[in-house]
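Chemist: sequence and predicted structure below; questions after.
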Amino acid sequence: MAKTLTVVDHPLVRHKLTILRDRTTPPPLFRQVMREIAPLLLYEATRDLELGETDIETPLESGRFPTLDSGSVALISILRAGNGLVDGMLDLMPSAPVGHVGAYRDHQTLEAVRYYFRVPDRLGERLVVVADPMLATGNTASMALSLLKRAGAKRLKFVALVAAPEGVAALAKAHPDVPIFAGALDRGLDEKGYILPGLGDAGDRLYGTL
């Protein structure tokens, strides 16, 4: 498998993914659990963030301590399912600016079709974390990363709940400089481009549009 992939193989992530995979999990619980799992994935994706220092006073003495610039990370949601992850990431980094890439997969060609693009400024100065629950064919993710690079992003990471080997390989080929973080690497894709065993259509399950 591609060297760009990190599977966040933590017991909490694995447990919560099982809840998301269960077809009987209703949308309110699905949203809640996705929101809970998102910070765990973001934690791993931001492990190498650079810290500055600031002078503060503890209750006992003064000192110089590590601090993170609130604008050092930008979160990008690939609509619409990406919002479920970004909402949880904002619980961990509430000051991070958020952008949106609107894209959908043509069910005939499996190619990505763009319909919206709105992102924060100064992307080149930030770590840009792109979130989409499912990395299936990799076409939508690849298009989103290309658009973000054209908008100035230089350091990007991609975060997914579940990835397929086909999507990981395609994304690694198109964007070998972008690390991928996923909660699980599943078996593969079916004839319609859905991940197996997967968890179904994340957007439909988030918003009850089954």
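Modeler: Done, it's in. Numbers count the residues shown, from 1 in each chain.
Chemist: the longest helix along the chain: what's the following helix or strand?
Modeler: Secondary structure of the chain per DSSP state H: the longest helix is helix 27-45. Toward the C-terminal end, the helix or strand that comes next after helix 27-45 (DSSP states H and E) is strand 52-57.
Chemist: ok, that following strand: who's next to it in the sheet?
Modeler: Here strand 52-57 is paired, per DSSP bridges, with strand 62-67 (antiparallel).
Chemist: and the strand it pairs with, what's its mean pLDDT?
Modeler: Averaging pLDDT along strand 62-67 gives 96.
Chemist: kindly export it (C-alpha atoms) in CSV.
Modeler: Extracted in CSV, the C-alpha atoms of strand 62-67 (Å, rounded to 0.1, in the frame of the first residue of the first chain):
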residue,chain,number,x,y,z
SER,A,62,6.3,32.9,35.3
GLY,A,63,7.6,30.9,32.3
ARG,A,64,7.8,30.4,28.6
PHE,A,65,5.5,27.7,27.2
PRO,A,66,4.5,26.2,23.8
THR,A,67,1.6,27.7,21.9
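Chemist: helices of this protein, residue ranges please.
Modeler: Along the chain, the stretches classed as helices by DSSP H are 11-21, 27-45, 82-92, 139-150, 165-174, 202-207.
Chemist: so which bits of stretch 114-122 are buried?
Modeler: Using 16 or more other CB atoms under 10 Å as the test for burial, stretch 114-122 gives 117, 119-120. Where C-beta positions appear, they are placed from N, C-alpha and C, glycine not excepted.
Chemist: try stretch 70-82
Modeler: Of all the residues in stretch 70-82, those buried under the rule 16+ other CB under 10 Å are 72-82.
Chemist: residues contacting residue 166?
Modeler: Each residue near residue 166 by CB atoms under 8 Å, 6 or more residues apart in numbering is listed here: 136-138, 188-189.
Chemist: most neighbours among these, please name it.
Modeler: residue 136 (26 neighbours; other CB atoms under 10 Å).
Chemist: quick check, pLDDT for it.
Modeler: Residue 136 is assigned a pLDDT of 95 by the prediction.
Chemist: mind listing what it touches?
Modeler: Neighbouring residues of residue 136 by CB under 8 Å, 6+ apart: 105, 164, 166-167, 189, 193-195.
Chemist: tell me the spacing between it and residue 189.
Modeler: Distance, residue 136 to residue 189, by CB to CB, to the nearest Å: 6 Å.
Chemist: shared neighbours, those two?
Modeler: Counting by CB under 8 Å, 6+ apart, the contacts common to residue 136 and residue 189 are 164, 166-167, 195.
Chemist: output these as CSV; include the columns pLDDT.
Modeler: Putting the shared contacts of residue 136 and residue 189 into CSV (pLDDT from 0 to 100) gives the following:
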residue, pLDDT
164, 97
166, 96
167, 96
195, 97
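Chemist: name the pair among those with the greatest separation in space.
Modeler: Pairwise distances across the shared contacts of residue 136 and residue 189 peak at 9.1 Å for 166 and 195 (criterion: CB to CB).
Chemist: if you rank the shared contacts of residue 136 and residue 189 by neighbours, which is first?
Modeler: Greatest neighbour count in the shared contacts of residue 136 and residue 189, by other CB under 10 Å, goes to residue 167: 31 neighbours.
Chemist: contact partners for that residue?
Modeler: For residue 167, the contacting residues are 135-138, 141, 189, 195, by CB under 8 Å, 6+ apart.
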